[in-house]
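Participant: below: sequence and its predicted model.
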Amino acid sequence: MDEAFHSHPSTPVGAQRSNDPNADILFVRGEGVYLWDAEGRRYLDFVSGYSSTTFGHCHPQLVKAATDQLSMLTQIVGLKHPWRKELEARLAQLAPTPAPVKTWLATSGARAVEIAWKIAYAFRPGLLVAFDLAYHGRSMATGQISDTHRLPILSTQSDRHLPFPRCSECPVGLQPKTCNAECIDDSEGWIDENASKLSAIIVEPAIGARGYFYAPPQFFQRLQTAARRYGILLIDDEIQMGLGRLGGVFAAKMQGWEPDLAILGKSLGGGIVPIAAVIGRSAIMDSLPEGYESETFAANPLACRLALESLDLLIRDRMLDRTHLISSWIDSGLRSLQKKSKHPIRVDCQGASGVIEILQSPNKTDSNDPNDLSTPQTIARRWVMQARDSGLLLQLSGPQRNRIILIPPLVAEEHHIRHAFNILRKIN
Ligand code: PLP
C-alpha cells in the first residue's frame with residue numbers, strides 16, 4: 001500500500017467526528033470475525049458494523065455473488081429485474097405481518113423508516129410516537145423520533161417518548177420472565193387518551209444503537225393490543241435486531257407479536273451494499289399514492305442479489321441456528337466475568353449480543369487503584385480502549401456511556417468468544 005495512504009495528515013480534512021474509542025485506527029482488511037489495521041495488527045471484531053456485518057467480513061459466498069453480479073447488471077432505476085422480484089417475494093414470505101403482504105425496498109435504514117412513516121401517515125394521518133432510548137436514524141425526519149441529538153429544526157413529532165422497559169431496574173422489582181409488562185400500564189393509558197391523534201407507534205424489538213436494552217415478549221404483545229384497539233399502526237424497526245441478531249429473521253415472530261409494518265436493513269446487503277426494506281400489510285402499503293417516494297439506487301440488481309444471498313446464508317445455510325449457540329457462549333462468558341470482576345457490573349444477554357454495564361463502585365476510596373476513583377463512564381471507556389489494545393473491538397454505548405456491547409458476527413466460534421472474555425478478564 002502506498003506511503004500517502006499510511007501518512008496521517010496532522011489536520012484532519014474529513015468533517016465527520018466520532019467519539020468512538022476505536023475511531024482512530026486505520027482499518028485496511030477484513031475476513032470473517034477479524035479486521036486488520038494498516039500496521040498489520042489483527043482485531044476480533046465484536047462490533048460487527050453495529051450489526052451490518054452479521055455474516056462476518058468478506059464472506060466468500062457473498063463476495064462471489066457480488067462479483068458475479070458486477071459483470072451482469074448493477075443499476076437500473078425503477079425498472080423490473082428478476083432479483084428484485086424474487087427478493088420482494090422472499091421478504092413477503094418471511095414477514096411477521098399478517099398476509100397479504102407487500103415490500104418496499106430502500107437504500108438505508110433511515111430512508112426505510114421514513115418510507116414506513118410516510119406509508120403509515122397516508123393510511124392513517126396523525127402523529128408517529130416512538131420510545132425513549134430509541135434510535136431510528138439521523139436523517140432530518142428520523143432524527144426527530146430518535147431519542148438523542150435532536151436538532152430544533154423541525155417541531156418534534158410528539159412531545160412524548162413512551163418509556164421502553166428497563167428490566168434490570170424495574171421500579172416494582174418484577175422479573176421479565178414472569179411479569180406482565182406492568183411498565184406499559186401508563187403508556188396504555190396515554191394511548192387510550194390520545195388515540196385519535198396517533199397514526200402509528202414505532203418500536204425496536206430491543207433497543208440497539210442506544211445500548212442494548214431487552215424487553216420481554218409480553219411488552220410487545222400488550223403494545224400490539226393497545227394499538228389494535230384503536231387501529232393505530234405498529235411499526236417494527238428491526239434494522240439492528242432482525243436477520244439473526246436476536247434469533248429470527250424477524251425478532252417479532254419469535255416474540256409473538258404482529259406489527260403492521262416491519263423494517264429490515266444493515267446486514268440485508270451482506271455488509272457489502274446498502275439496502276433496507278419495509279414489509280407490511282398490502283392494504284397499508286398500497287395507501288401511499290404514486291409519486292410520493294422514490295430513490296435512484298433503491299432496489300438495484302446488485303443490492304437485491306446480495307440481499308437474496310444473505311437470506312440464503314441465514315436460512316438455507318442455517319446461519320440462523322448459530323444465534324442460540326453464540327448466545328450461550330456469551331452468556332457463560334458474562335456470568336464468569338461478573339463473578340470475577342473487581343468493579344460492580346451488571347450483565348445481560350439476548351440472541352447474539354451481550355451487555356456489560358459498569359456500575360458505580362460503592363466504596364471508591366477503599367482501594368489504592370486510581371481507577372476505582374473513576375466514574376462508570378471512564379471505566380467503561382478504559383475497558384473498551386484496553387480491549388482494543390489487546391486486539392478486541394467492542395462498542396461503548398448507553399445513555400450514560402457506561403454500557404459495553406458485544407455483537408459478534410454469526411460466524412464466530414466458541415474459541416473467539418472465549419478469547420474475547422479472556423481479554424476482558426485480564427483488563428478488569
Ligand atoms: N433503526 C435502527 C434500529 C438502527 O439501529 C439504525 C442504525 O443504527 C437505523 C434505524 C438507521 O439506519 P441507517 O444508519 O442505515 O440509516
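Facilitator: Thanks, I have it. Because the structure is predicted, anything quoted here is derived from the model rather than measured.
Participant: when you work out contacts or count neighbours from here on, use the C-alpha atoms and nothing else.
Facilitator: OK.
Participant: next SSE downstream of the lowest-mean-pLDDT helix or strand in the chain?
Facilitator: For the chain, using mean pLDDT, DSSP states H and E, the weakest element among its helices and strands is helix 3-6, scoring a mean of 53. For helix 3-6, the following helix or strand on the C-terminal side (DSSP states H and E) is strand 27-31.
Participant: can you list the strands that the helix or strand that that next one is followed by pairs with?
Facilitator: Remark: after strand 27-31, the chain's next helix or strand is strand 34-37, criterion DSSP H and E. Here strand 34-37 has these sheet partners by DSSP bridges: strand 27-31 (antiparallel), strand 42-45 (antiparallel).
Participant: quick check, A130 in a strand?
Facilitator: Yes - when the secondary structure is assigned by DSSP: H, G, I helix; E, B strand; the rest coil, A130 falls within a strand.
Participant: could I get the contacting residues of it?
Facilitator: 145-146, 160-162, 201-203 (CA atoms under 8 Å, 6 or more residues apart in numbering).
Participant: any idea of the mean pLDDT for the strand or helix carrying G189?
Facilitator: Per DSSP H and E: G189 is located in helix 185-194. Per-region confidence: helix 185-194 scores 96 on mean pLDDT.
Participant: summarise which helices and strands it is packed against.
Facilitator: Under the contact criterion of 3 or more CA pairs under 8 Å, 6 or more residues apart in numbering; DSSP states H and E, the helices and strands touching helix 185-194 comprise helix 217-228.
Participant: re earlier: can you redo the contacts of A130 as a markdown table with pLDDT and neighbour count?
Facilitator: Rendered in a markdown table, the data for the contacts of A130 read as follows (pLDDT from 0 to 100; neighbours: other CA atoms under 10 Å):
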| residue | pLDDT | neighbour count |
| --- | --- | --- |
| I145 | 92 | 25 |
| S146 | 91 | 21 |
| R160 | 72 | 13 |
| H161 | 89 | 17 |
| L162 | 94 | 20 |
| I201 | 97 | 23 |
| I202 | 97 | 22 |
| V203 | 98 | 25 |
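Participant: show me where the stretch 201-350 of the chain has its strands.
Facilitator: In the stretch 201-350 of the chain, strands defined by DSSP state E, counting those that start in this stretch lie at 206-207, 213-214, 233-237, 261-264, 276-281, 345-349, listed in chain order.
Participant: quick revisit: and the helix holding G189, what's buried?
Facilitator: Neighbour-count burial for helix 185-194 flags 187-188, 191 (criterion: 16 or more other CA atoms under 10 Å).
Participant: go on, stretch 55-68?
Facilitator: For stretch 55-68, the neighbour count (16+ other CA under 10 Å) marks 55-59, 62-63, 65-66 as buried.
Participant: in TSV, list the buried residues of helix 185-194 along with distance to the ligand.
Facilitator: Rendered in TSV, the data for the buried residues of helix 185-194 read as follows (distance: CA to the nearest ligand atom, whole Å):
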residue	distance to the ligand
S187	21
E188	23
I191	22
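Participant: tell me which of the strands paired with strand 34-37 sits most buried.
Facilitator: Most buried of these by mean neighbour count (mean count of other CA atoms under 10 Å) is strand 42-45; its value is a mean of 23.
Participant: dump that one to CSV, restricted to CA.
Facilitator: Extracted as CSV, the C-alpha positions of strand 42-45 are listed here (Å, rounded to 0.1, in the frame of the first residue of the first chain):
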residue,chain,number,x,y,z
ARG,A,42,-5.4,-8.1,13.9
TYR,A,43,-8.6,-7.4,15.9
LEU,A,44,-11.5,-9.6,16.8
ASP,A,45,-14.5,-7.5,15.6
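Participant: report the separation between the residue nearest to Q69 when sequence neighbours are not counted and A92.
Facilitator: Setting aside the residues directly before and after it, Q69 is nearest to L302 in space (CA to CA, 6 or more residues apart in numbering), at 6.0 Å. If you measure L302 against A92 using CA to CA, to the nearest Å, the figure is 20 Å.
Participant: looking at the two, which is more packed in?
Facilitator: When L302 and A92 are compared for neighbours, L302 comes out ahead with 27 against 22, by other CA atoms under 10 Å.
Participant: verify the stated contact: the more buried one with I76.
Facilitator: No - contact criterion CA atoms under 8 Å: L302 and I76 do not qualify, at 9.9 Å.
Participant: quick one: V384 and C183, what's the gap?
Facilitator: As defined by CA to CA, V384 lies at a distance of 32 Å from C183.
Participant: of these two, who's got more company?
Facilitator: Of the pair V384 and C183, V384 is the one with more neighbours under other CA under 10 Å, namely 25 against 19.
Participant: for the more buried one, phi and psi?
Facilitator: As for V384, its main-chain torsions (degrees, to the nearest 10) stand at phi -60, psi -40.
Participant: which pLDDT value belongs to it?
Facilitator: Confidence at V384, expressed as pLDDT, is 97.
Participant: contacting residues around G137?
Facilitator: Taking CA under 8 Å, 6+ apart as the definition of contact, the neighbours of G137 are 109-110, 113, 143, 146.
Participant: now V249: closest residue in space, sequence neighbours ignored.
Facilitator: Leaving out its chain neighbours, V249 is closest to L243 (CA to CA, 6+ apart), at 4.2 Å.
Participant: picking that back up, contact partners of the helix holding G189?
Facilitator: Helix 185-194 is touched from outside by 162-163, 223, 226-227, with contacts defined as CA under 8 Å, 6+ apart.
Participant: over to the nearest residue to I284 once chain neighbours are set aside: give its phi and psi.
Facilitator: In space, and not counting its chain neighbours, I284 is closest to F123: 5.9 Å by CA to CA, 6+ apart. Here is the backbone geometry of F123 (degrees, to the nearest 10): phi -80, psi -40.
Participant: swap in A112?
Facilitator: For A112, the backbone dihedrals (degrees, to the nearest 10) come out as phi -70, psi -40.
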